[in-house]
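Asker: Build me a model from this:
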Amino acid sequence: MKLPAGLLKKAKPWFWIAIIYGTVFVLPIIMYFTSLDEIEQAQSFCPVKMLTGIPCPGCGMTKSILCLFHGEWQKSISFHAFGPVLVAILLLYPFFRRISFGPFVRFYSNRLLYILIAAFMLYYLYRLGMYITTHSFPEVLKESIWL
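Answerer: Just a heads-up that it's a prediction; the model follows:
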């Protein structure tokens, strides 16, 4: 089934707010009933990690958010420090979208976005360095689908 061209552009703002809040409030209920023991032991479903054995920038984000919804803050941050940040952004985004702060909002929000992206990439480089220094090549291959 092919969607008509421009369908997403014509969607009303309430549609996107419903999607965001539906995700933020329905997913935690589903995630709450998932056991943390299963999550911690499970193999990563990241295609990059499955092919290369090296984690991508988002690896650990799902486990981080699941631990956050179970109230395990320290585990959440240990899996990925930006998991709680992502949840906070998703919760607060619709509020800031509806409030007008004047002509400097766009400049401020762009600057904040660039700072978040830079922090995310620096955090990834740190995690990648820690991963490479603590894992031997055979261990990296074991994380992939090749062995």
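
Asker: Nearest the geometric middle of the chain, what residue?
Answerer: For the chain, the residue nearest the mean C-alpha position is M61 (4.5 Å; Cα atoms, centre = their mean).

Asker: what's near enough to touch the residue nearest to that residue when sequence neighbours are not counted?
Answerer: Excluding the flanking residues, the one nearest M61 by Cβ to Cβ, 6 or more residues apart in numbering is H80, at 4.8 Å. (Glycine included, C-beta is placed from N, CA and C.) H80 makes contact with G58, C59, G60, M61, K63, S64, according to Cβ atoms under 8 Å, 6 or more residues apart in numbering.

Asker: how deep is the third one tucked in, by neighbour count?
Answerer: Per other Cβ atoms under 10 Å, the neighbour tally for G60 reads 22.

Asker: so what's P57 closest to, chain neighbours aside?
Answerer: Closest to P57 by Cβ to Cβ, 6+ apart is Y124, at 4.1 Å.
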